[in-house]
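[1] turn this into a model:
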Amino acid sequence: MLAWIIDVLHMWRPVYILLFSVAISEIVSVIIVSIASLWFHGEIRTDFVMTGIFTAMITSVLVVAILLKLIGLLRDARQAVQKNAELLNQTQKICKTGGWEYDPITKKILWTDEIYRIYDIKPGTDPNEVNIDDLYGEKDAATLKQALSKAVELGESYALELLFASASGQNKWLHMHARTEGINKRVHRVVGVVQDVTERKRLEKDLLQAKEAAEVASKEKSNFLANISHEIRTPMNVIMAMGELLKESSLTSDQREHVELLHKAGSNLLALINQVLDLAKIEAGRLEIVGEPIQIRELLGNIEGMMRILAEKKGLELIYLLDQSLPVWMFLDGMRLNQVLLNLLGNAIKFTGQGKVVFHGKTTPSQDTLYLSIEDTGIGLDPKQLENVFHPFTQADTSTTRRYGGTGLGLAISRQLVELMGGRLWAESRLGQGSTFHVVLPLRPCVSPPTSTVQAISSGDVGSGDVGGRPLQLLLVDDSEDNQIVTTALLKNANYRVRIVNNGEEALKEVHEHDFDLILMDMQMPVMDGYTATRLIRQWEKETGRLPVPIIALTAHAFEDEEKKSLSAGCNVHLTKPVRKDKLLGVIQQVQRSGAG
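    Alright, predicted model coming up:
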């Protein structure tokens, strides 16, 4: 009724309302004052009547003005409430979130408009007449009832995600959250929200499927790379080993030069394979940085010594500056740092036609950082080339590739290796004036490690294989006839007696029937692979109380995972093909002495 009156009054102009009110009040005032004049004076006095009329006029104007102001305030408040209600309704519709309130005393529930849209129920329907069992499945309905019951009895808030079927047959996921209000642990109000999260659930499902697909693709890529590595390294093992054996034979100078070229080409191809595998492992997050105590000065000195030979062949001056503030021992991945510096120094020498290369190592003033720099006077880079120099498969231009060779992988891998070690690698360069590459690594000084009980074997300390005056009995397990020939040839002059089998099943039979001092085990073979054969051999040794025979994994797989897998199966050492003769003989001697000790 009040709203109707406000609307009607709002339609009239205020001046009309004022005039009408004043007219009515004046008429009433004349009547009242006339009656009062007759009562007190026995006659109607004009001055008395005029005074009353004037007073009434002023009073009516003030009253009407106040009323008009109140009406305006009521109208504005009503419009604000309507506007806020519409804003709340639109906001809830956009967020697909409705609100509700439950009174535990009256057992009454109140919904906002969005709840009706979410549940697909006709607006205006009494929420108290809606059966929750009709909205949800039996299990979800029981869960929701239990949560609401605990909220009322214990004052516990809750958050749930439930699936329900709407009246139109749509399945929707709803997120529900509620909190309680009360006094003295007595709940008198439960307020909550219901949000339609069906789209979010769909996106989560799509994301999970995409993640699973990516993981499958990554696994397939890794398997592909592992297989490619295996298939390339297997013939490379034959090529490199045969070249090495040829170098030991009587050759003419021309023949020796040809063998050297063969060996050099094989080494370059192997380096390329390793680069591709490193890049793949980095991209897959499978390359591990292994920190260990190293003699940093010795490592840098060895690198400088190797690269000085290349520099002198090109007539370049290699300047080596080592700051005396460097500690003797540092904790870092020496193998990966060696890889990075050889690449940077190799590039500096390759791209410098004349002049010098400066190799500098020092600590920063704060003594917490190792700083290394390689500066050259070579061809240099323009700003655009410098911007892309660390991108994979990128070189300055096609003429650079034709003139100097290379794949453009070295710098990309080097930067990622440095970053994995917690450092930074960047470059400064000017076209035609040379380049400077900077490496910064965390400086972690450490003490020298305890002396190992197993001494490393040099290439000159790989004497003949014998145990107590008899030849060392070796079992070679490999399915490749070429690898069998190569490995046997490498062991030919070392007084080893080699028995050959083609797979893990045959190896297991041989171990049961004969005693061996050492087993060379290929890991990827038909019938039974090397992992299974090694595990079964270790199990048999344990069951029979025999001493474990040393097993060297000799495989074309180059991933760290494969090394962990072979060592976990029970191998003592993991060697990756192609393997040099001196390294193979050295590892055999090392394993033999370790087992004897």
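
[2] check contacts around the residue lying closest to Thr352 once chain neighbours are set aside.
    Spatial nearest neighbour of Thr352, excluding adjacent residues (C-beta to C-beta, 6 or more residues apart in numbering): Gly378 at 3.5 Å. (Each C-beta comes from the backbone N, C-alpha and C, glycine too.) When contacts are counted by C-beta atoms under 8 Å, 6 or more residues apart in numbering, Gly378 touches Ala348, Phe351, Thr352, Gly353, Gly355, Gly434, Ser435.

[3] among those, which two are most distant?
    Gly353 and Ser435 (13.3 Å; C-beta to C-beta).

[4] these two: which is more packed in?
    Ser435 (24 against 11; other C-beta atoms under 10 Å).

[5] for Val357, see how far away the more buried one is.
    Applying C-beta to C-beta, to the nearest Å, the value for Ser435 to Val357 is 10 Å.

[6] list residues touching both of these two?
    Ala348, Glu375, Asp376.

[7] please identify the helix or strand for the second one.
    What that stands for is Glu375. strand 369-376 (DSSP states H and E).

[8] let me have the contacts of Gly378 in CSV, adding secondary structure, distance to Leu38 and pLDDT as columns.
    Below are these laid out as CSV (DSSP: H, G, I helix; E, B strand; the rest coil; distance: C-beta to C-beta, whole Å; pLDDT from 0 to 100):
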residue, secondary structure, distance to Leu38, pLDDT
Ala348, helix, 125, 92
Phe351, coil, 125, 90
Thr352, coil, 128, 91
Gly353, coil, 131, 88
Gly355, coil, 130, 92
Gly434, strand, 123, 92
Ser435, strand, 119, 94
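
[9] elements contacting whichever strand or helix holds Glu86?
    Counting by DSSP H and E, the element that carries Glu86 is helix 46-95. In this structure, helix 46-95 makes packing contacts with helix 2-11, helix 14-41, helix 113-119, judged by 3 or more C-beta pairs under 8 Å, 6 or more residues apart in numbering; DSSP states H and E.

[10] and the next helix or strand past the shortest one?
    Pointing back at helix 113-119 there. Following helix 113-119 in sequence order, the next helix or strand is helix 132-135 (DSSP H and E).

[11] just the CA atoms of that next one, as CSV, please.
    Provided in CSV are the C-alpha atoms of helix 132-135 (Å, rounded to 0.1, in the frame of the first residue of the first chain):
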residue,chain,number,x,y,z
ILE,A,132,16.4,-32.8,-2.0
ASP,A,133,16.3,-36.5,-3.0
ASP,A,134,14.8,-35.5,-6.3
LEU,A,135,17.7,-33.3,-7.1
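
[12] report the buried residues of that helix.
    Within helix 132-135, the residues scored as buried using 16 or more other C-beta atoms under 10 Å are Leu135.

[13] what helices or strands is that helix leaning on?
    So helix 132-135, by 3+ C-beta pairs under 8 Å, 6+ apart, packs with helix 138-154.

[14] what sits up against the following helix or strand past the helix it packs on?
    Using DSSP H and E, the helix or strand that follows helix 138-154 in sequence is strand 158-165. For strand 158-165, the external contacting residues (C-beta under 8 Å, 6+ apart) are 119, 135-137, 140, 143-144, 147-148, 150-151, 171-178, 197.

[15] tell me which residues of strand 158-165 come out buried.
    Those buried within strand 158-165 under the rule 16+ other C-beta under 10 Å are Tyr158, Leu160, Leu162, Phe164.

[16] output it as CSV - backbone C-alpha positions only.
    The C-alpha atoms that make up strand 158-165 are tabulated as CSV, following Å, rounded to 0.1, in the frame of the first residue of the first chain:
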residue,chain,number,x,y,z
TYR,A,158,31.2,-27.3,5.1
ALA,A,159,32.3,-27.3,1.5
LEU,A,160,31.1,-30.0,-1.0
GLU,A,161,31.1,-30.7,-4.7
LEU,A,162,28.2,-32.9,-5.8
LEU,A,163,26.7,-34.0,-9.1
PHE,A,164,23.0,-33.5,-9.7
ALA,A,165,20.6,-33.9,-12.6
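
[17] any idea which strand is longest in this structure?
    strand 171-183 (DSSP state E).

[18] can you give me the offset of stretch 437-447 from its chain's centre?
    Its chain's average C-alpha position is 25 Å from that of stretch 437-447, according to C-alpha atoms, centre = their mean, to the nearest Å.

[19] and stretch 314-326, by the same measure?
    39 Å.

[20] quick one: contacts of that stretch?
    Under C-beta under 8 Å, 6+ apart, the answer for stretch 314-326 is 296-297, 300-301, 304, 307-308, 311-312, 349, 352-363, 367, 370.

[21] send me that stretch as CSV with only the CA atoms.
    C-alpha atoms of stretch 314-326 as CSV (Å, rounded to 0.1, in the frame of the first residue of the first chain):
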residue,chain,number,x,y,z
LYS,A,314,95.5,-22.2,-35.9
GLY,A,315,98.3,-19.9,-35.0
LEU,A,316,96.3,-18.3,-32.2
GLU,A,317,97.5,-17.1,-28.8
LEU,A,318,95.6,-18.7,-25.9
ILE,A,319,96.0,-16.5,-22.8
TYR,A,320,95.1,-18.3,-19.5
LEU,A,321,94.4,-16.1,-16.5
LEU,A,322,93.6,-17.9,-13.2
ASP,A,323,92.9,-15.8,-10.1
GLN,A,324,94.7,-17.1,-7.0
SER,A,325,91.5,-16.4,-4.9
LEU,A,326,89.9,-19.5,-6.4
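
[22] ok, the strand or helix carrying Lys362: who's next to it in the sheet?
    Counting by DSSP H and E, the element that carries Lys362 is strand 356-363. According to DSSP bridges, strand 356-363 forms sheet pairs with strand 317-322 (parallel), strand 369-376 (antiparallel).

[23] avg pLDDT for it?
    Strand 356-363 comes out with an average pLDDT of 92.

[24] touching whatever helix or strand Thr487 lives in from outside, list them.
    Using DSSP H and E, Thr487 maps to helix 481-490. With C-beta under 8 Å, 6+ apart as the test, helix 481-490 has contacts from 234-235, 237-238, 241-242, 244-245, 476, 478, 498, 500, 520, 522, 554, 577, 581, 584-585.

[25] now, of those, which are buried?
    By neighbour count, with 16+ other C-beta under 10 Å, the contacts of helix 481-490 hold 234, 237-238, 241-242, 244, 476, 478, 498, 500, 520, 522, 554, 577, 581, 584-585 as buried.

[26] quick one: which of the residues you listed sit in strands?
    Of the positions in the buried ones among the contacts of helix 481-490, Leu476, Val498, Ile500, Leu520, Leu554 sit in strands, assigned by DSSP E.

[27] against Gly434, how distant is the closest residue to the third one other than its chain neighbours?
    To tie it back to what came earlier, the one meant is Ile500. Using C-beta to C-beta, 6+ apart and skipping residues adjacent in sequence, the residue nearest Ile500 is Leu476, 4.9 Å away. Going from Leu476 to Gly434 by C-beta to C-beta gives 52 Å.

[28] mean pLDDT for the helices and strands packed on helix 46-95: which is lowest?
    What stands lowest among those, in mean pLDDT terms, is helix 2-11, with a mean of 53.

[29] could I have the buried ones of the contacts of stretch 314-326 as PyMOL selection syntax?
    Here is the PyMOL command that selects the buried residues among the contacts of stretch 314-326 (16+ other C-beta under 10 Å):
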select buried, resi 296+297+300+304+307+308+311+349+352+356+357+358+359+360+361+362+363+370
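
[30] quick one: the helices in the stretch 151-300 of the chain?
    For the stretch 151-300 of the chain, the helices defined by DSSP state H, counting those that start in this stretch occupy 198-248, 253-283, 296-313.
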